[in-house]
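**Student:** here is a sequence together with a model predicted from it:
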Amino acid sequence: MIKLNLLLASILISAIAIGIDSDSCVTAVSFVNVFTQVGSGLLTFSIFSATYLYVTVEYTGGISGDTLDQIFTSQEHSQVFVENWLLSGYKKWIRGNSVVQRDGAVLIGLSTLLTISALIMFGKGFLVAVECSI
């Protein structure tokens, strides 16, 4: 989603540059209208939400394999204690993972909605900007 948003921003900048180079009544100022400004804001928030999603989903929890080897090879704890400890740890990890997944689903929806809204606003802003040449 981050790469898509950055690609859309690059396409927008390229379209404005092409529109400015033409010999029509379209100028750089005509692209600065309320629709393109709102679209830029929406795209910015979409990039931030996609970045936050990317960072938070990368978190991994749980116990490492080395720690498990140490626990099972040492005779300090009984097998029942280790099993209960593992179960409580996995229960916490599963609950934490469900929160991350739920938040991730909300952020994916938000980022997608913002990106689509930004595209619509950019399209409307582009039409307003080139209205004089139509």
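**Tutor:** Sure thing, it's come through.

**Student:** count of residues packed around I108?
**Tutor:** A total of 15 residues lie near I108 under the criterion other CB atoms under 10 Å. Where C-beta positions appear, they are placed from N, C-alpha and C, glycine not excepted.

**Student:** does it sit in a helix or strand, and which one?
**Tutor:** Assessed by DSSP states H and E, I108 sits inside helix 79-129.

**Student:** Three-state assignment for the most centrally placed residue in the chain, please.
**Tutor:** Nearest to the geometric centre of the chain sits A50, at 0.8 Å (CA atoms, centre = their mean). Assigned state for A50: helix (three-state reduction, DSSP: H, G, I helix; E, B strand; the rest coil).

**Student:** test my guess that it contacts S111.
**Tutor:** Yes. Between A50 and S111 there is a contact at 4.5 Å, judged by CB atoms under 8 Å.

**Student:** show me where this protein dips below the pLDDT cut-off.
**Tutor:** Within the chain, the stretches with pLDDT under 70 are 1-2, 4-5, 15-28, 58-64, 132-134.
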